[in-house]
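Participant: Take a look and give me a structure for this.
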Amino acid sequence: MNLNIFERLNEITPKVDNFVSDFMKELREFMQNSEFKTNNMTYAVMSNINEQKEYNITRQQGVDNSMYISAKELPKGIECGTMLRYKNGKFIIDEELTNKNMQEIAEAREYKHDLLAQYKMENVDYLVKRKYEDQVELVNQKTGLWFTTNDFFEKTLEQIEIGMTLKCENGEYFIK
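Facilitator: Here you go, the predicted structure:
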């Protein structure tokens, strides 16, 4: 056994560096995890389960408010939008906040659907106000809604000119 450290420096240094690096990474993750989990704090589930069997959880107050948590640490039956509370060392579902949050999500989706429906209203004319390299600004002639879109086939986009009128039929814009 060669005990001369100076001769074996190139052999020892990477092992020590890796050990220190791995230890620091593990310590940082532990500290983040322990600081992230605060008693009686509320958390929102921001994603469904990923390939690593983790959920993205966001703390509702404070900094460093997002973290991936193993499904094993979380209650069964959660989904994106579920609200959690951290109590006595574990996450529990806050039913009242979850119901309220799910209602708000449903209302936001309905609003988005209604708004998006104005962008492609059947048999409505759209005036081309501006044209850019890969998109155009249109004005819905029925509602006055002014918006930018690139929802065209490449050939159609090449043919579009400022001042033209487009018509929406079967969910597609056509030059009138």
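
Participant: Phi, psi for the residue nearest to residue 48 when sequence neighbours are not counted please.
Facilitator: Counting by Cβ to Cβ, 6 or more residues apart in numbering, the nearest residue to residue 48 once its immediate chain neighbours are dropped is residue 80, at 5.2 Å. Where C-beta positions appear, they are placed from N, C-alpha and C, glycine not excepted. Main-chain dihedrals, residue 80, degrees, to the nearest 10: phi -60, psi 130.

Participant: gap between residue 80 and residue 51?
Facilitator: Using Cβ to Cβ, to the nearest Å, one obtains 16 Å as the distance from residue 80 to residue 51.

Participant: which of these two has more neighbours?
Facilitator: Here residue 80 and residue 51 are set side by side on neighbour count (other Cβ atoms under 10 Å), and the busier one is residue 80, at 14 against 5.

Participant: residue contacts, the residue nearest to residue 48?
Facilitator: 45-48 (Cβ atoms under 8 Å, 6 or more residues apart in numbering).

Participant: quick one: least confident helix or strand in the chain?
Facilitator: helix 9-36 (a mean of 63; mean pLDDT, DSSP states H and E).

Participant: the domain parsing of this protein - what is it?
Facilitator: Using automatic domain parsing, the domain ranges for the chain come out as 1-36, 38-118, 121-175.

Participant: Mind jotting down where the strands sit in this protein?
Facilitator: 42-45, 54-59, 66-70, 83-87, 90-93, 125-131, 136-140, 146-149, 165-169, 172-175 (DSSP state E).

Participant: in the last one, what's buried?
Facilitator: Going by neighbour count (16 or more other Cβ atoms under 10 Å), the buried part of strand 172-175 is residue 173.

Participant: How about the fourth one?
Facilitator: Buried residues in strand 83-87, defined by neighbour count with 16+ other Cβ under 10 Å: 83-86.

Participant: That one relative to strand 66-70, how many degrees between them?
Facilitator: Taking axes from the mean of the first three to the mean of the last three Cα atoms, to 10 degrees, strand 83-87 and strand 66-70 form an angle of 80 degrees between their directions.

Participant: Low-confidence ranges, the chain, go.
Facilitator: For the chain, applying pLDDT under 70 flags the ranges 1-18, 20, 23, 25-36, 62-64.

Participant: picking up where we left off before, point out the most buried one among the strands of the chain.
Facilitator: Mean neighbour count (mean count of other Cβ atoms under 10 Å) peaks for strand 42-45 among these, with a mean of 21.
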